[in-house]
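Q: Any chance you could fold what I've pasted below:
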Amino acid sequence: MSQRPRPPIQVYLPLTSLDECRVCNGKDNLRLCSGCAESVYCSRECQTNDWKEHKPTCKTHRIDIVSLYPVLASLQDHCRFHVDRKETLHPALKHKIVREDGNATLADGTIRHLITLGAPFAIGHIISNERLQEWHPTARSDSERLDLWHMLMRHSDPAPLVVATCIALLRSIYTTNTTGSAHPRTRLRYRSSPISDFGICAGSVELISMASFPLAIQLPNGNFVPRPSSKNHHWIYFTTVHKEELILDCNLFCMEYPHVVSMKGYDLPWKHPTTPGDEKAVPVHFVDRSRKRYLNTLPVYKPRRTISVLRDTTLQLAISQIIQPPLGPNVLVPQAILVFMDKVAGKGRRLTQEGRDLFQEWVLRIFRGLDEVTIQSNAWKRFPEDPNGLVLLTTYQDMIGVDSSPEAIEAFASLCAVNSLMIKSSDS
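A: Numbering: from 1, shown residues only. Down below sits the predicted model:
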């Protein structure tokens, strides 16, 4: 028996705003259908009159981004740790560490925690205590070595991971539809409000480092490894149908910003790396209305460009071409997505060939993981409604010290206060 042909993959866009009633085009007292959040009515009468026509398509799985953002953070971490990076690894992971000075005055007069690199040595992404000791023989303890390795593994250009995550969201969530299907569509929401757009912000982020003396890493030739740039940063935004904006940033940990989210309650099918101090936590900074109320001093995001992924017509056409070949050197995503990646990266920052290969693999890894928990298994229904945010102080951060300046103390107290509030909220 021949198989029934599958309908072509295409993107189905959600509402952008509450403009008018679906039945009478009225513009007052508008409200969403509580069953699907896809249709707008001005009265119970209009909704009742439309029910016969609307009923067959009133099937929507609505996933709260508050519950889902730890999964996105875990997938990004999974890519950093479980894909064999070479060119994009931090130089300190390619050399032995020969000296460490926790209070070094550099030529420009600044005081830094100085790490000096020596002979080439590939520590890699699969480690043991013996390998760590060979890599960093002067460290005070194994936990200190491991914490430093964790932080350095999380050094990467944020743009490819941010773009890969958005492409995966578009492909997995917004290609579902009720027409011709026995299954509900799946859509993102924030609390009761549908997500109407998401994409990428490029700009700067101002934050106060929690370290007394930020890291400075010196190459064997005397040059210094550039620190992660807070001036050329990328993060994900979500906008609701009520024009409320949310921020998801999974790339601040390497800037000594110690905010993580607990993964307790998330039974995920992929292996995600342990985080020092709490093996079930991943680095992430998520800002919604609750956190905005308390995190009014840090970080400060200043977008220069806002680039929609959900509403990009070129991506909508390209997304249907994403297939699932075996992961490896021959994985491919449509050329239009690679062009979009270069657009986000900005002038003069195009990916190398290795960077492109890695980006393509990240797109497929994140898509597969997200598709598994949101569409295939419906694991999202068991996720915590309000995951706990935590401030993580690792052994390595203890070694480099916590800044005792008034600004840093205020910043740290603000973080602790908001996370205490989030934990109490989720426990109540």
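Q: residues contacting residue 155?
A: 90, 228, 254 (Cβ atoms under 8 Å, 6 or more residues apart in numbering). In short, each C-beta sits where N, CA and C put it, glycine included.
Q: same deal with residue 139?
A: By Cβ under 8 Å, 6+ apart, residue 139 lies in contact with 97, 100, 133, 145, 148.
Q: Pipe the contacts of residue 155 into CSV and attach secondary structure and distance to residue 39 per row.
A: What follows is these, written out as CSV (DSSP: H, G, I helix; E, B strand; the rest coil; distance: Cβ to Cβ, whole Å):
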residue, secondary structure, distance to residue 39
90, coil, 50
228, coil, 45
254, helix, 44
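Q: sorry, back to before: now flag whichever of the contacts of residue 139 is closest to residue 21.
A: Nearest to residue 21 out of the contacts of residue 139 is residue 148 (Cβ to Cβ; 59.1 Å).
Q: In this structure the closest one contacts residue 136, no?
A: Yes - between residue 148 and residue 136 there is a contact under Cβ atoms under 8 Å: 6.8 Å.
Q: out of the two, which sits in the busier spot?
A: A direct count of neighbours by other Cβ atoms under 10 Å for residue 148 and residue 136 places residue 148 higher, at 26 against 22.
Q: picking that back up, from the contacts of residue 139, which is closest to residue 194?
A: residue 148 (42.7 Å).
Q: can you tell me the helix or strand for the closest one?
A: According to DSSP states H and E, residue 148 maps onto helix 142-153.
Q: chain center to whichever helix or strand comes after that helix: distance?
A: Using DSSP H and E, the helix or strand that follows helix 142-153 in sequence is helix 158-173. Taking the mean of its C-alpha atoms, helix 158-173 sits 9 Å from the chain's own mean (Cα atoms, centre = their mean, to the nearest Å).
Q: tell me how far the very next helix or strand once past helix 158-173 is from the chain's mean position?
A: Sequence-wise, the next helix or strand downstream of helix 158-173 (DSSP H and E) is strand 185-190. Taking Cα atoms, centre = their mean, one finds strand 185-190 lying 17 Å from the centre of the chain it belongs to.
Q: Just name whatever secondary elements strand 185-190 is in contact with.
A: When contacts are defined as 3 or more Cβ pairs under 8 Å, 6 or more residues apart in numbering; DSSP states H and E, strand 185-190 packs onto strand 60-64, helix 65-82, helix 158-173, strand 193-206, strand 233-240.
Q: Please identify which of these is closest to residue 335.
A: Residue 335 lies closest to helix 158-173 among the helices and strands packed on strand 185-190, at 13.4 Å (Cβ to Cβ).
Q: can I get the CA coordinates of the closest one in PDB?
A: C-alpha atoms of helix 158-173 as PDB (Å, rounded to 0.1, in the frame of the first residue of the first chain):
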ATOM      1  CA  PRO A 158      27.100  34.000  21.000                       C
ATOM      2  CA  ALA A 159      25.700  34.700  17.500                       C
ATOM      3  CA  PRO A 160      25.800  31.200  16.000                       C
ATOM      4  CA  LEU A 161      24.200  29.600  19.100                       C
ATOM      5  CA  VAL A 162      21.500  32.300  19.300                       C
ATOM      6  CA  VAL A 163      20.700  32.000  15.600                       C
ATOM      7  CA  ALA A 164      20.700  28.200  15.700                       C
ATOM      8  CA  THR A 165      18.300  28.300  18.700                       C
ATOM      9  CA  CYS A 166      15.900  30.600  16.900                       C
ATOM     10  CA  ILE A 167      15.900  28.600  13.600                       C
ATOM     11  CA  ALA A 168      15.200  25.400  15.700                       C
ATOM     12  CA  LEU A 169      12.300  27.100  17.400                       C
ATOM     13  CA  LEU A 170      10.800  28.200  14.100                       C
ATOM     14  CA  ARG A 171      11.200  24.800  12.500                       C
ATOM     15  CA  SER A 172       9.900  22.700  15.400                       C
ATOM     16  CA  ILE A 173       7.100  24.900  16.900                       C
END
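Q: Double-check residue 252 against residue 205; I have them as touching.
A: Yes - here residue 252 reaches residue 205: they are 7.4 Å apart, a contact under Cβ under 8 Å.
Q: can you give me the strands for the stretch 301-428 of the chain?
A: Here the stretch 301-428 of the chain has its strands, by DSSP state E, counting those that start in this stretch, at 389-391.
Q: can you give me the helices for it?
A: 313-318, 335-345, 353-371, 395-400, 406-427 (DSSP state H, counting those that start in this stretch).
Q: which residues of the stretch 101-250 of the chain score low on pLDDT?
A: For the stretch 101-250 of the chain, the stretches with pLDDT under 70 are 178-182, 208-213.
Q: How many neighbouring residues does residue 379 have?
A: Residue 379: 16 surrounding residues under other Cβ under 10 Å.
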